[in-house]
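[1] Below: sequence and its predicted model.
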Number of protein chains: 2
Amino acid sequence: MAGATENSNEHTATDKAYEYLKSAILSGLFPPGERLVEERLAGEAGVSRTPIRSALSRLATEGFIKPMEKRGYCIPRDSLEEMDEVFDLRAVLEGYALALAAPMVTGAVIRELTEYVNLAQKALDTGENHQVFRWNTAFHDTLNDLIADKTRLYSLIADMRKYVLRYRKDTLHYIRGAEHSLEGHRRIIHALSLGYPDLCERVMREHVMEAKEDARRTILENR
Amino acid sequence: MAGATENSNEHTATDKAYEYLKSAILSGLFPPGERLVEERLAGEAGVSRTPIRSALSRLATEGFIKPMEKRGYCIPRDSLEEMDEVFDLRAVLEGYALALAAPMVTGAVIRELTEYVNLAQKALDTGENHQVFRWNTAFHDTLNDLIADKTRLYSLIADMRKYVLRYRKDTLHYIRGAEHSLEGHRRIIHALSLGYPDLCERVMREHVMEAKEDARRTILENR
DNA sequence: TTGCCCGGAATTGGATACAATGATGGGAGT
DNA sequence: ACTCCCATCATTGTATCCAATTCCGGGCAA
């Protein structure tokens, strides 16, 4: 049903290390600015340094951690500038992607997307924030899968969406953010069913930019 | 003078392996589809498997090699579709980047860009194709440096430009391709000196799309 | 006291040994 | 003769050991 974005591979030690580190980072287990020492992480994740090193390198290319001047990696300090940049890029790329996808959208896809919006709405009404997040993720996964044949674009978008998880999780806890998000999704469905690529692009850009504003507000209010 | 894109680091073994593999791939040393066996590469590059593996992983994220179904990497077979995708992405991203950069362009930058175009023109007139390539690279490096503070966008563009090297090197050997390219650069300078972001974006998109057509033609003629 | 230099500890980078997992080919059974 | 299965090989994935580099602090001299 949902997208093919995240298959929880934990067969290899590298995947185990990667999953461990990513969730540790996303859940804020490491304070911002903290240096990531390989041996320590290896102990925590129960593997040797080798898989930790490949996981770190992957996380760095995905932007979850930052290389330090000389050597090693650290947890990035929250940076409004970088968050802005990623949201702006998402707006451009997901807008472009939706324009590409528009001509190929079928009724079945529209129905699937509508279903996710309804489920998210229901979850929002009953206050199950985690479920809202889940169905919104399914919504975007479905859209992204439409351009799965553009492998570069596909994985760029997937990476950036992973990156903003950090900020979105907080945002959706605010009712306003979740409402904005659902409203945007409805507009996207509408634009897709009309089928105009330019309209789709514009609607998606606006949706992402709205998400950016919500994320900004959330961060600024939190301190 | 030129951009900060490529500093030939060969201090670490990983960089040595990376440079070796990249130039081997770009110069067509490995036939398309060939599986890359770590131990063999290690022998050729004069390092152990460890740095080879990090280099491979980096090259894969940059798109120079592709992961195989089960394990290992291989040289990608030339794919018009993928080439198209990368050029299309470049058009979108470099167009966006130029629109961002437009308001910050100074007279000094315009003069530098003009200088590169003149040098490339001179090289073209005297048939020094390698120099044409060099000055065109300097031109794009200079543009890319304008948005160096947007680190994501910067490195995305840098990666994709590295990727299309494979195709551009051939293209520029054809006079038509080089002439198109220079003409595009002149238009970019013109748009930048007018300063309208939207115009800059459109001109850059057209320039990249023209490069794509030249690359397509070159590939299709070559067999 | 302050600044500089040197030495050792901490940490990463690289090599090698070992384990696990697909790939391959040959032999037995039908 | 053909097919299927098992043994063996080739190759990647992981652990560990060693080397190189950076970081940090203490001591010495001005």
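    In hand now; what should we look at?
[2] quick one: contacts of stretch A:39-46?
    Under the criterion Cβ atoms under 8 Å, 6 or more residues apart in numbering or on different chains, residues A:Lys16, A:Ala17, A:Tyr20, A:Leu21, A:Ala24, A:Ser48, A:Arg49, A:Pro51, A:Ile52, A:Leu56 lie in contact with stretch A:39-46. C-beta coordinates here come from the backbone N, C-alpha and C atoms, glycine included.
[3] Show me which parts of that stretch are buried, residue by residue.
    For stretch A:39-46, burial by neighbour count (16 or more other Cβ atoms under 10 Å in any protein chain shown) applies to A:Leu41, A:Ala42, A:Ala45.
[4] go on, stretch A:52-67?
    Quick answer for stretch A:52-67 (16+ other Cβ under 10 Å): A:52-59, A:61-66.
[5] Please pull out the lowest mean pLDDT helix or strand from chain A.
    The weakest-scoring helix or strand in chain A, judged by mean pLDDT, DSSP states H and E, is helix A:151-171 (a mean of 86).
[6] Check which element follows that one along the chain.
    Going down the chain from helix A:151-171, the next helix or strand is helix A:175-194, by DSSP states H and E.
[7] now that next one, how far from the centre of its chain.
    From the chain centre to the centre of helix A:175-194 is a distance of 17 Å (Cα atoms, centre = their mean, to the nearest Å).
[8] Against which helices or strands is it packed?
    helix A:80-101, helix A:107-125, helix A:129-145, helix A:197-221 (3 or more Cβ pairs under 8 Å, 6 or more residues apart in numbering or on different chains; DSSP states H and E).
[9] Out of the ones you listed, which is closest to A:Pro31?
    Of all the helices and strands packed on helix A:175-194, it is helix A:197-221 that lies closest to A:Pro31, at 16.3 Å by Cβ to Cβ.
[10] Tell me the secondary structure at the most far-flung residue of chain A relative to its centre.
    Most distant from the centre of chain A: A:Lys70, at 29.5 Å, with distances by Cα atoms, centre = their mean. The three-state label given to A:Lys70 by DSSP: H, G, I helix; E, B strand; the rest coil is coil.
[11] gap between it and chain B?
    Relative to chain B, A:Lys70 is positioned 12 Å away (Cβ to the nearest Cβ, to the nearest Å).
[12] what's that residue in contact with, if anything?
    Counted by Cβ under 8 Å, 6+ apart, A:Lys70 has zero contacts.
[13] thinking again about what came up before, next step: the buried residues of stretch A:39-46 restricted to helices.
    A:Leu41, A:Ala42, A:Ala45 (DSSP state H).
[14] Looking at those residues, which is nearest chain B?
    Nearest to chain B out of those is A:Ala42 (Cβ to the nearest Cβ; 15.8 Å).
[15] ok, now which ones touch the spatially most central residue of chain A?
    When Cα atoms, centre = their mean is applied to chain A, the residue found nearest the centroid is A:Arg161 (2.3 Å). By Cβ under 8 Å, 6+ apart, A:Arg161 lies in contact with A:Arg90, A:His140, A:Asn144.
[16] what residue ranges in chain A score low on pLDDT?
    A:1-10, A:169-173, A:223 (pLDDT under 70).
[17] Count residues in the vicinity of A:Leu80, would you?
    Using other Cβ atoms under 10 Å in any protein chain shown, the number of residues around A:Leu80 comes to 11.
[18] Confirm for me that it is in contact with A:Arg217.
    No: in this structure A:Leu80 lies outside contact range of A:Arg217 using Cβ atoms under 8 Å: 11.3 Å.
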